[in-house]
Structure formats: C-alpha cells, structure tokens
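Engineer: Below is the structure, and that's it, no one-letter string:
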Ligand SMILES: Nc1ncnc2c1ncn2[C@@H]1O[C@H](COP(=O)(O)OP(=O)(O)OP(=O)(O)O)[C@@H](O)[C@H]1O
C-alpha cells in the first residue's frame, strides 16, 4: 500500500500475520479505515475477524506486518491499556454491563475510567458529566430507562447501554463484535440506526454475520477469508462476487 494510504488513514493494517501453533489465523491481512468511516467486516467462521480485532487492540501481537493508528502510531509497540487510551474502544459480543447498577450509573462508571477525558471533571463539575451521560443515553435511546437497573433491561438494551458506555469515552475508533447476535428483528434495526448515528462523528468497525443488518449499516464491506481480505466494496458488489458466494454466502 502507498504512503498516502497510510497518512490519510485512521487505521492501517498491511501484511499482518498471526500464527497459533503453526496455524495462520491472519495471513497477510491488509485493511485501511479512514477517519470517521464505518466499515463492516464479514466472513466465514475462522476467517480471522476476532483475531484482527485482537491485533488492533493489542491483545494479540502479530508475527509480521504493519498496524498503524492515525497514520503514525505503531500499535504493535503498545499494550492494551495504551491502545485504549489512544481512543480505540471495543465492544465484545456479550454485554458486560454492571447489572446491579442503574443505567445512568453504568455510564457514570464508564466516564470515571482512567481513560476518560471527562474524569477530571468529577466533583467540581459533576453537572457537565451528567449532561454528557444524558447525551449518550439519548443517542442510545435509553434516557427513559436511566433509573432502571441494568439487570432489568432486555438483551438489546444491554447491548446499547454498553455501546453508550464506550461512546461516553468519545473514542476515535469503535470496534464492535457481532452486536446483533441474539437480538429481535426490531432491536437489530434499532442497532443499525444507533451505529449509523455514532458513525456520524466516530470511526466504527463492525464484525457481523447478519447480512440484512450489514446492508442496513449502509457502508463499505470487507470480506475476510483464511486470514486475508477476499473482497471489498458495497454490499451489492461483494454479494455478487463469485468468490464471496463460494466461501461465505453459499449458492
Ligand atoms: N488463541 C488461539 N489459539 C489457537 N488458535 C486460535 C486462537 N485464536 C483463534 N484461533 C484460530 O484462528 C482462526 C481464526 O479465528 P478467529 O476467531 O479470528 O475467526 P473469526 O473470523 O472471528 O471466526 P468466528 O466468525 O467464528 O468468530 C480459527 O481457526 C481459530 O480456531
């Protein structure tokens, strides 16, 4: 890839290889995501999607390849907490909210995290923090649920709460792993709306198997297969690609 592709990128992976006991989970993966872009990542089981997220967040070190953030920060030299502090937030598949706390307090706890630029505002300027909490709950359509215990939310609402918690920290890049697994159709539609809204002012990378949902995200799609990019383009273009049909979509 070119120097220009690197300098204009928010996230830049090139030639990334990861092996587990001789098995190549990532085999020369290249991926470029621009600032503020939303990207969907699809591909069959074992294609390397989770491993890719692990490499970006510093959980897994690549054996080879380039992983850059903001055009100049080498993510392979940083640990997980340093990468989170740079503004890379990750939403795992299962919701991990604090069940015994209210919805509002969950977001408050996320704001209090070390990484949050808002943490310094606590105490003296609590009001600003409260405004910020309401703002992200508004985006997640959870304002009217803010006094409920997180334990009492539906599965979909818990997922949205966790996304709101990440959003509170205002990440530059949000990585979201299979957000609609286990959701109702209505919740799935609502999740696409939420992510499109977030992508108005954040870069978002979404790994997902649900093709109707991916279509609804209305963004560029990257298809992974055997640890590398197989195809990239609009949902219509990749859905019509013979190789994608062969390995993923089926005939
Ligand atoms: N820690 C590990 N040790 C050994 N093998 C691993 C490890 N992590 C992943 N793998 C293997 O690497 C391959 C890629 O896995 P990965 O989880 O990244 O795929 P995926 O695209 O996320 O799949 P899925 O859609 O099932 O989540 C798989 O064959 C998996 O078994």
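Structural biologist: Okay, I see it. Here the structure is a predicted model, which means the values were calculated and not measured.

Engineer: CA only for contacts and neighbour counts going forward, please
Structural biologist: Noted.

Engineer: now this protein, which segments are flagged as low pLDDT?
Structural biologist: For the chain, the stretches with pLDDT under 70 are 1, 113-125, 251.

Engineer: Show me the helices in it, by range?
Structural biologist: With helices called from DSSP state H, the chain shows them at 3-7, 49-56, 80-86, 103-112, 126-139, 155-168, 185-198, 211-217, 235-240, 242-244.

Engineer: Write out the residues of the stretch 51-200 of the chain neighbouring the ligand.
Structural biologist: residue 51 (CA under 6 Å from any ligand atom).

Engineer: And this protein, split by domain according to the record?
Structural biologist: 1-87+172-189+198-250, 94-170 (the TED database).

Engineer: could you dump the ones you listed to CSV with mean neighbour count?
Structural biologist: Formatted as CSV, those follow (neighbours: other CA atoms under 10 Å):
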stretch, mean neighbour count
domain 1-87+172-189+198-250, 18
domain 94-170, 19
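
Engineer: From the ligand, how far off is residue 204?
Structural biologist: 17 Å (CA to the nearest ligand atom, to the nearest Å).

Engineer: For the residue in the stretch 51-200 of the chain that the ligand sits nearest to, list the residues it contacts.
Structural biologist: Closest residue of the stretch 51-200 of the chain to the ligand, CA to the nearest ligand atom: residue 51 (3.7 Å). Each residue near residue 51 by CA atoms under 8 Å, 6 or more residues apart in numbering is listed here: 25, 26, 60.

Engineer: Tell me who's in contact with the last one.
Structural biologist: Contacts for residue 60 (CA under 8 Å, 6+ apart) come out as 51, 54.

Engineer: Kindly report the same for residue 213.
Structural biologist: Taking CA under 8 Å, 6+ apart as the test, what residue 213 contacts is 188, 189, 192.

Engineer: any idea how far residue 24 is from it?
Structural biologist: Distance, residue 213 to residue 24, using CA to CA, to the nearest Å: 29 Å.

Engineer: got it, and residue 3?
Structural biologist: 27 Å.

Engineer: just residue 142 next, same as before
Structural biologist: 42 Å.

Engineer: what does residue 183 give?
Structural biologist: Counting by CA to CA, the gap from residue 183 to residue 24 is 32 Å.

Engineer: again, but for residue 227
Structural biologist: 7 Å.

Engineer: Same question for residue 42.
Structural biologist: Distance from residue 42 to residue 24, by CA to CA: 18 Å.

Engineer: Ok, residue 132 next?
Structural biologist: In this view, residue 132 and residue 24 are 43 Å apart by CA to CA.
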